[in-house]
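Undergrad: Mind folding the following:
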Amino acid sequence: MIKKTHGRLGGIMIISSILLWLCLFSIQGIQSSSSSSNEAGPIVTVPKGAGPEECFQYGLDIVGNDLNNGLNDKVNSAAECVVKCQGYPGAKYFTWSSAQLADPNYRLSCWCTPDNQGTTISANTISGPLDCGGSGGTCCDTLAFTSSGWIATSKPSHILGIYNKVGMGTNGRSIYFQQGGLGHYLYFLDSLQIWFIGDSVGSNVGYASNPGTAMCPEDIAATWDAWSPNANEWLLDPMAKMNCF
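TA: Alright, predicted model coming up:
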């Protein structure tokens, strides 16, 4: 099993020869440890059926053009903040500060913004998108990544299978984790603006990618590509699809 670094410059993928050598050198180590050494970024693992909390990002403050003065909109919970922000036309994200926030002036404040310009680390703060709602958002909770093309019969076939939603990334898109298999992550890679399958959320070292920017993986119209060890390059697979399961 080989994972590759993905980069795009002027539409051309740039593969680092150094990382290629490192990946080839450590194939056996990856095979034996990938299922136990996955390290994810700032995601929230939630129990099944957690309702709107599955979209909450803990310890993160969403940066945007606030539609309100959160100091005047104080509520007792993040869920109440979601409801409050849904009352502001154009609001898409919220940030709520708990009663444990260091600055007493900002405790229980609720901020609403129409955009997500990034996040900053902030202890005792909860943020997230408003469209998650009580149903878990508009995206499917479970996806099936399938292919009747070359991926299915080649070494990258380990990326196929069932992916379950486990949290929310910093870009308003969900993060998924492969059920069984080698436990890969499916996430949106901000730095390259692509969907990606890899072992560590936020890394551009992995196995497959898609240039589609849809909020939900099942809505991606573009073609998936994957790293082919035999061809030593990224190859398109028009038959690879992410579908609701």
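Undergrad: A strand includes residue 195, no?
TA: Yes - under DSSP: H, G, I helix; E, B strand; the rest coil, residue 195 falls within a strand.
Undergrad: out of everything not next to it in sequence, what's closest to it?
TA: Nearest non-adjacent residue to residue 195, counting by CB to CB, 6 or more residues apart in numbering: residue 210, 4.4 Å away. To be clear about C-beta, it is placed using only N, CA and C from the backbone, and glycine gets the same treatment.
Undergrad: quick one: that neighbour from residue 225, how far?
TA: Taking CB to CB, to the nearest Å as the measure, residue 210 falls 7 Å from residue 225.
Undergrad: Kindly report the same for residue 149.
TA: Applying CB to CB, one obtains 11 Å for the distance of residue 149 from residue 225.
Undergrad: And residue 185, by the same measure?
TA: For residue 185, the distance to residue 225 (CB to CB) stands at 17 Å.
Undergrad: Those two: who's more crowded?
TA: Shown here are residue 185 and residue 225; by other CB atoms under 10 Å, residue 185 has more neighbours (25 against 22).
Undergrad: Nearest spatial neighbour of the more buried one, chain-adjacent residues omitted?
TA: residue 201 (5.1 Å).
Undergrad: Can you verify that neighbour is assigned to a strand?
TA: No - applying three-state DSSP, one finds residue 201 to be coil, outside a strand.
Undergrad: picking that back up, I'd assumed residue 226 was in contact with the residue nearest to residue 195.
TA: No - counting by CB atoms under 8 Å, residue 210 stays clear of residue 226, with 9.9 Å between them.
Undergrad: Which residue is the nearest non-sequential neighbour of residue 141?
TA: Using CB to CB, 6+ apart, the closest residue to residue 141 is residue 165 (4.7 Å).
Undergrad: OK, contacts around residue 94?
TA: Each residue near residue 94 by CB atoms under 8 Å, 6 or more residues apart in numbering is listed here: 62, 78, 81-82, 84-85, 110-113, 127-128, 130.
Undergrad: Redo those residues as CSV? Include pLDDT.
TA: What follows is these, written out as CSV (pLDDT from 0 to 100):
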residue, pLDDT
62, 88
78, 84
81, 88
82, 83
84, 89
85, 88
110, 96
111, 95
112, 95
113, 92
127, 89
128, 84
130, 80
